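After the sequence you'll find the predicted model.
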Amino acid sequence: MRTEQPTYEHGQPMQITPKGTALQRTVDASISASTEVELHADTTFLRCYAITEDVYLRWGIEDCNESLFDEVIPANQIVDLAVPVDSEGVKFTAFNVIERTASAIIIVIEK
């Protein structure tokens, strides 16, 4: 069985997302304060796009800020995240995002 990630002609790895259509989509251009996003019950994977500025992400229902976050989505980048489980083994049902600097936009596709 092949376990290597597929690559393009020049050796750059291909990005792979789970098969299927999006369960839910979030587009938010007003994340100057911590914004909570409730996940679809079947979501196991997020594809996050940060447009123009970095975005901080925190798993769970706690607010997110510049010193309390779990992930950074770099500006003009795509980040793929598996939805984690908490200390009791329960899958997170929400996350919070906030811009690192003014005018950040985030797009999240749930699979």
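Received, thanks.

Next one: T17 from D80, what distance?
Separation of T17 from D80 (Cβ to Cβ, to the nearest Å) stands at 7 Å. Where C-beta positions appear, they are placed from N, C-alpha and C, glycine not excepted.

Common neighbours of the two, please.
Shared contacts of T17 and D80, defined by Cβ atoms under 8 Å, 6 or more residues apart in numbering, are found at F45, R47.

Do you have the strands of the chain handy? List them.
24-28, 35-38, 45-51, 55-59, 71-73, 77-82, 94-99, 105-110 (DSSP state E).

And those: which comes nearest H10?
Ranking those by proximity to H10 (Cβ to Cβ) places strand 77-82 first, at 18.8 Å.

picking that back up, ranking the strands of the chain by mean neighbour count, which comes first?
Comparing these on average neighbours per residue, with mean count of other Cβ atoms under 10 Å, the densest one is strand 55-59 at a mean of 24.

tell me the angle of that one relative to strand 45-51?
Put simply, strand 55-59 runs at 160 degrees to strand 45-51, going by axes from the mean of the first three to the mean of the last three Cα atoms, to 10 degrees.

if we look at strand 55-59, which residues are touching it?
With Cβ under 8 Å, 6+ apart as the criterion, strand 55-59 contacts 31, 34, 48, 64-66, 68-73, 81, 83-84, 92, 94-100, 104, 106.
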